[in-house]
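Enquirer: below is the sequence, then the predicted model.
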Amino acid sequence: MALPLLIVPAGGVKVVTLPKLALHLFATYESAWALAAKLAAANALSACEVSALLGISATNQYPLFPDKIPRVARALGSTLGFPPALIQGAFLGGALKCLHPLMHDRLRLCPTCSRQGHHFIVHQLRPFANCPLHGLPLRDRCRRCGGPLAYGLGSSIVFGPINCPTCRAPQLPLSVGGHPMASVMSARSLEQIARWLAFLRRRVNLAVLYEVDGGIDTGRSDGAVPSGPMRAFMPPRSASGWLSPTARGRWFSSMQTRCLEMCFWTRANRLWKQCHGHSRRWYVSVIRGQAVEAAPNPQVLAFLYWRMIWQGCSNPYLLRRSHGLPLYGIAEWEANQCAHDDDDIDITMSALNDALAASWEDWLDCIDLLGTSELKGHTWRFRASQSTFL
Ligand SMILES: [Zn+2]
Ligand SMILES: [Zn+2]
């Protein structure tokens, strides 16, 4: 009788299984570090092994946000059942590639997000000193030993990247068996992250984002910036004509400028009609230099800023004092346009319409994301470049 024969190779039997990671453990907008850390923990892999699995080269200067997403990482993502966009976002590829220069070289964790088992790419962006979801200061050191944490996977052949390189404490929650745990993210939180990423992408050319760490939210958190209510002054006679196309004031000269002005007023009137009675009264009293209370709603505050910006110098006091963004005036906009032939006025008008709409959306985002409720002298610390809306 022939017996089955088992030949054991010299190095022993190596069992090769496909790595696993349950879909709910890795949320949209989580970082490549989080992916590697959870993958390693779920499959008992070391930092070296998970690096190889994801195709992360030790020689790459920025292995977790490379110029090109490793092919094996993409293939592994699809094997695990993750949508391609999830893997692309984790490595800051595609549309998020422009954010590479804003990435921090330390691993930064939000106390609340990390307790819930998450580390998002927004945590790695230098303009944030606090978690944009929870407002808590990001920590770049191990909670247990205080050792520094780099934004990388490390080179341990024993421990995974989820462990502190010094004391081995896990930086994200693990079950008793060492398996990663994570709560389900709310759709609202994910939408908030998406909006922040879009917000930063529109401002990626702002020098101040590179110069000041935490440039976005320090004003909100340190309390050192004076933020008293601001009064605006306007000559009484101009109050009667505002919000009508005949209130020309400072815009004049060419036919084109008048057309652009009409275009602006059409939109301004439309936005004005969307404001409710109480908001309108608040607005009028601000314009007359009377308002002291917080804006009744974000919409009217956005409208105030939006109108101030587009009318350029109609209220220099307010304009100069708001360290806000987007900073753009109709005159500046016109000066930045390419020269068109006279009969291209339609193109110019539609471009202005787009810019007006884009800046209105941007102002709503500014007011909402930056958590502003009243007119402030030092609302924000950075300014938008003029090309922001082009
Ligand atoms: Zn958080
Ligand atoms: Zn430690």
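Expert: That came in fine, so what should we check first? Numbers count the residues shown, from 1 in each chain. Ligands and ions are numbered 1, 2, ... in the order given.
Enquirer: how about the strand or helix carrying Ala355: buried residues?
Expert: Using DSSP states H and E, Ala355 sits within helix 345-369. Buried residues in helix 345-369, counted by 16 or more other CB atoms under 10 Å: 348, 351-352, 355-356, 358-360, 362-369. From N, CA and C alone the C-beta is placed, and that goes for glycine too.
Enquirer: closest to ligand 2 out of these?
Expert: Leu369 (33.1 Å; CB to the ion).
Enquirer: could you pull up the residues touching that closest one?
Expert: 132, 192, 195-196, 199 (CB atoms under 8 Å, 6 or more residues apart in numbering).
Enquirer: ranking those residues by neighbours, who comes first?
Expert: Tallying neighbours with other CB atoms under 10 Å puts Pro132 at the head of the contacts of Leu369, with 24 neighbours.
Enquirer: nearest spatial neighbour of that residue, skipping sequence neighbours?
Expert: Excluding the flanking residues, the one nearest Pro132 by CB to CB, 6 or more residues apart in numbering is Trp196, at 5.1 Å.
Enquirer: from the chain's centre, how far out does whichever strand or helix holds that neighbour sit?
Expert: Using DSSP H and E, Trp196 falls within helix 187-201. Computed by CA atoms, centre = their mean, to the nearest Å, the chain-centroid distance of helix 187-201 equals 6 Å.
Enquirer: quick one: buried residues of that helix?
Expert: Buried-residue list, helix 187-201, by 16+ other CB under 10 Å: 189, 192-193, 196-197, 199-200.
Enquirer: got JSON lines for the residues you listed, with pLDDT and distance to ligand 2 too?
Expert: Formatted as JSON lines, the buried residues of helix 187-201 follow (pLDDT from 0 to 100; distance: CB to the ion, whole Å):
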{"residue": "Ser189", "pLDDT": "94", "distance to ligand 2": "28"}
{"residue": "Gln192", "pLDDT": "91", "distance to ligand 2": "30"}
{"residue": "Ile193", "pLDDT": "94", "distance to ligand 2": "27"}
{"residue": "Trp196", "pLDDT": "91", "distance to ligand 2": "29"}
{"residue": "Leu197", "pLDDT": "93", "distance to ligand 2": "30"}
{"residue": "Phe199", "pLDDT": "86", "distance to ligand 2": "33"}
{"residue": "Leu200", "pLDDT": "87", "distance to ligand 2": "30"}
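Enquirer: please report the distance of the nearest residue to Arg106 once chain neighbours are set aside from ligand 1.
Expert: If you skip the residues right next to it in sequence, Arg106 has Asp140 as its closest partner in space, 3.8 Å away by CB to CB, 6+ apart. Here the criterion is CB to the ion, to the nearest Å. By it, Asp140 lies 14 Å from ligand 1.
Enquirer: ok, Asp140 - contacts?
Expert: By CB under 8 Å, 6+ apart, the residues touching Asp140 are 104, 106-109, 148-149.
Enquirer: now the buried members of those.
Expert: Buried among those (16+ other CB under 10 Å): 104, 106-109, 149.
Enquirer: ok, so of those, who is nearest ligand 1?
Expert: Among the buried ones among the contacts of Asp140, and counting by CB to the ion, the member closest to ligand 1 is Leu109, at 8.6 Å.
Enquirer: wait, doesn't that closest one sit right on His118?
Expert: No - judged on CB atoms under 8 Å, Leu109 makes no contact with His118 at a distance of 9.3 Å.
Enquirer: what's Phe264 sitting at in phi/psi?
Expert: Main-chain torsions, Phe264, degrees, to the nearest 10: phi -60, psi -50.
Enquirer: mind checking pLDDT for it?
Expert: In this prediction, Phe264 carries a pLDDT score of 88.
Enquirer: what's around it, how many residues?
Expert: 20.
Enquirer: contacting residues for it?
Expert: Neighbours of Phe264 in contact, by CB under 8 Å, 6+ apart: 310-311, 330, 352, 356.
Enquirer: need the residues you listed in CSV (columns: pLDDT and distance to Thr266).
Expert: Output for the contacts of Phe264, formatted as CSV (pLDDT from 0 to 100; distance: CB to CB, whole Å):
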residue, pLDDT, distance to Thr266
Trp310, 79, 12
Gln311, 71, 14
Ile330, 71, 13
Leu352, 87, 11
Leu356, 89, 9
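Enquirer: which members of these are the farthest-apart pair?
Expert: For the contacts of Phe264, the farthest-apart pair by CB to CB is Gln311 and Leu352; their separation is 13.6 Å.
Enquirer: which neighbours do the two have in common?
Expert: 264, 330.
Enquirer: ok, now how distant is Met308 from ligand 2?
Expert: Taking CB to the ion, one finds Met308 at 50 Å from ligand 2.
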